[in-house]
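S.K.: fold the following for me, if possible:
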Amino acid sequence: MSRIIDITRPLRGDMEVYPGDPPVSITSMVLGGARVSALEFGSHTGTHVDAPLHFVDGGYGVDELPLDALVGPAVVSREVVPAERLLLFGGNLSVNDAQMLVDHGVRLVGTDRMTIEEEGGDHPVHKLLLGAGVVILETLDLSAVEPGSYELICLPLKIEGCDGAPARAILLADGASK
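M.R.: Numbering: from 1, shown residues only. Now for the predicted structure:
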């Protein structure tokens, strides 16, 4: 039996967001006897995926991301290693690291940070990865995860024509693993 590890950061009203992004607002109300919440936040809030449209002119949106890139074997690591899906602790990629991963056929790169690259600048890592069709997964919670091999399941909200979307991401750990 596989162990399920939730690597999603919860959305909450007081959470930190990327500088300049809209703050999170969650307003609960009762309408017709039922509780309903109004949500307001940016598409790159909390655990989320970036689609090519985020930085690539003419790129496709999150609703067109290939699901087989978001589900499958993944390596969780403290360093950049070739893998089809790579999740990094504290990972900010250099352009050289990103190019190496693209050259090795990476389909998804994730990090427990708010961004895959250093803040500021012209976002060369985003442009390189997204231009190559690589899905970027940011703001993961890897605090309960050991480096190793897992099965990733990451399903972003299917928002038509959007540049990114919050996602629920989990890792399946082999029953024999820690």
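S.K.: could you use CA atoms for every contact and neighbour count after this?
M.R.: Will do.
S.K.: read off the pLDDT value for K178.
M.R.: Here the pLDDT value assigned to K178 is 44.
S.K.: meant to ask about G90
M.R.: Taking G90 on its own, its pLDDT is 89.
S.K.: just give me the neighbour total for it.
M.R.: For G90, the count of nearby residues is 19 (other Cα atoms under 10 Å).
S.K.: my read is that it contacts E79, right?
M.R.: No - if you go by Cα atoms under 8 Å, G90 and E79 don't touch, sitting 9.2 Å apart.
S.K.: secondary structure class for A169?
M.R.: Look at A169: counting by DSSP: H, G, I helix; E, B strand; the rest coil, its state is strand.
S.K.: for it, what are its contacts?
M.R.: For A169, the contact set (Cα atoms under 8 Å, 6 or more residues apart in numbering) comprises D6, I7, T8, T47, L152, I153, C154, L155.
S.K.: the fourth one: what's its closest spatial neighbour, skipping adjacent residues?
M.R.: Looking back up the chat, that one is T47. Leaving out its chain neighbours, the residue that sits closest to T47 by Cα to Cα, 6 or more residues apart in numbering is T139, at 4.6 Å.
S.K.: next one: the second one
M.R.: Spatial nearest neighbour of I7, chain neighbours left out: D141 (4.6 Å); criterion: Cα to Cα, 6+ apart.
S.K.: which residues sit in contact with V76?
M.R.: L86, L87, L88, F89, E146, P147, G148, S149, Y150.
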